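Student: Mind looking at a prediction? Sequence and model below.
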Amino acid sequence: MGRIASVGGGVTVLAMTSNEPRDQDKDGDKDGEGIVLTPEQQRARRSRSLALAFALLALVVLFYIVTLVKGPGVLVRPL
Amino acid sequence: MAMVSEGAGLRGPLGPEPALAQSGLAQPSLASGGDYFALLKPRVMSLVIFTALVGMAVAPQHVHPVIGFTALLCIAVGAGAAGALNMWYEADIDAKMMRTARRPIPAGRIAPGEALAFALTLAVGSVVVLGLLVNVEAAALLAFTIFFYAVVYTMWLKRATPQNIVIGGAAGALPPVIGWAAVTGSLSLEPVILFLIIFFWTPPHFWALALYRSEDYARAGVPMLPVVAGDRETRRQILLYTLVLAPLGLAPWLFGFAGVLYAAVAAVTGAIMVLIAWQIHRERPPADRAARNMFAFSILYLFLLFAMLLVERVWGGLLPWVAA
């Protein structure tokens, strides 16, 4: 089994707890620290997160309003 | 040993993503929300929304504003998804052309795999939501449009034949048909006429651009008409298509779903289109003024035709209300 070593920018790195040397160790990173985002990467991630949140919220509102408009038979349609 | 859960194994036309190729690990993305929005080709999307809205407006039935808005939203997102699929597949071409080199994928801000996942999610989502909340007919047409643009035009025709934008133009001509289907749940002659207007408008519009960007297309290896058949033949083809387009622009009036105001605008702007096409035919390189005029005016031409249809329909709807 492995463990999540880093999650950032839509990238998940799964570090395996085997006897093999880990890539991060070879690169000299501190154990468990993982990828440290630069300020620019943090801004980009925040921008993406806000866009995703807005899109999800808009979808929820849309489905709610359409359900009110179409009534309980919203998914009932002749084919 | 390390595993990367996203992006690994997703190869775009540019090949393996650079970060993966170098270290085996994906780097945190630098893409902002704006970069993903740019993938949707917002300027194309705005034209799609407008023509789809006109398709809905000229339909003989009424639709609840919320359902109409939902249909437009799905059509816009579906068109954006098709645009993103196009950018994913054409990233290698885009990198070689000045006009497109700064797009998010060739500029390195979005990895090809991320763009592909984003595009497929939106494509499936827009079709499913349109089918569930509006009707199945419109959803099927939207799915066909996305497939036609992404697969038939982008992956097959664009690099294979100088007729790429003629046949591929069908994808851009379908939004008013989808709009009509979203309201009526069926098809009729009126949306087919709107389809034909955009279909015959596409070649003069894009070949005018290709005339003064032919070096760009040649460098990228895209067989646009000026690259393959030459400048003179392209100018002749522009004139021929415009001679078909101008009378076709009057068809909505002739078939009775547009009024005199539309007919007047279509006649005047159609005559100007023919005049510019004739100037293009007479023009010899390196002069490209007439081609640039055609590219700019053709956008205005299409906008005015569809805007007049919309204005007449809105005005026609307001008249009884004003009289009461």
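Tutor: Right, received. Where do you want to start?

Student: do the top helix by length along chain A and chain B meet at all?
Tutor: If you go by DSSP state H, chain A has its longest helix at helix A:39-70. Yes. Applying CB under 8 Å from any CB of the partner chain, one finds helix A:39-70 in contact with chain B at A:40-41, A:43-45, A:47-48, A:50-51, A:62-63, A:65-66, A:69-70. For glycine as for every other residue, the C-beta is placed from the backbone atoms N, C-alpha and C.

Student: Now restrict those to buried residues only.
Tutor: A:41, A:44-45, A:47-48, A:51, A:62, A:66, A:70 (16 or more other CB atoms under 10 Å in any protein chain shown).

Student: quick one, domains of the chain?
Tutor: Since no chain was named, I'll use chain A. The record's domain parsing of chain A by automatic domain parsing lists A:1-36, A:37-70.

Student: that's the wrong chain, I meant chain B
Tutor: Here the domain parsing of chain B from automatic domain parsing is B:31-187, B:188-317.

Student: Buried deepest among the ones you listed, which one?
Tutor: domain B:31-187 (a mean of 21; mean count of other CB atoms under 10 Å in any protein chain shown).

Student: Any idea how far apart the tips of that domain sit?
Tutor: One end of domain B:31-187 to the other measures 41 Å (CA to CA, to the nearest Å).

Student: So, low pLDDT: which residues of the stretch 1-150 of chain B?
Tutor: B:1-26 (pLDDT under 70).

Student: average model confidence for the longest helix of chain A?
Tutor: What helix A:39-70 shows for mean pLDDT is 91.

Student: Mind giving me the packing neighbours of the helix or strand containing B:P191?
Tutor: B:P191 belongs to helix B:189-212 when assigned by DSSP states H and E. Counting contacts by 3 or more CB pairs under 8 Å, 6 or more residues apart in numbering or on different chains; DSSP states H and E, helix B:189-212 packs against helix B:42-58, helix B:164-173, helix B:175-184, helix B:225-228, helix B:231-248, helix B:251-254, helix B:260-282, helix B:289-323.

Student: what would those look like in CSV with distance to chain A?
Tutor: Below are those laid out as CSV (distance: least, CB to the nearest CB, whole Å):
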stretch, distance to chain A
helix B:42-58, 14
helix B:164-173, 25
helix B:175-184, 13
helix B:225-228, 37
helix B:231-248, 35
helix B:251-254, 31
helix B:260-282, 32
helix B:289-323, 20
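
Student: Distance to B:L141 added to the ones you listed, as CSV?
Tutor: CSV is the format used below for the helices and strands packed on helix B:189-212 (distance: least, CB to CB, whole Å):
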stretch, distance to B:L141
helix B:42-58, 11
helix B:164-173, 11
helix B:175-184, 5
helix B:225-228, 29
helix B:231-248, 21
helix B:251-254, 20
helix B:260-282, 25
helix B:289-323, 18
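
Student: Of all those helices, which one comes closest to B:I110?
Tutor: B:I110 lies closest, by CB to CB, to one member of the helices and strands packed on helix B:189-212: helix B:42-58, at 15.2 Å.

Student: quick check: angle from that closest one to helix B:164-173?
Tutor: Per axes from the mean of the first three to the mean of the last three CA atoms, to 10 degrees, the angle that helix B:42-58 makes with helix B:164-173 is 50 degrees.

Student: Right, I'll call it a day here.
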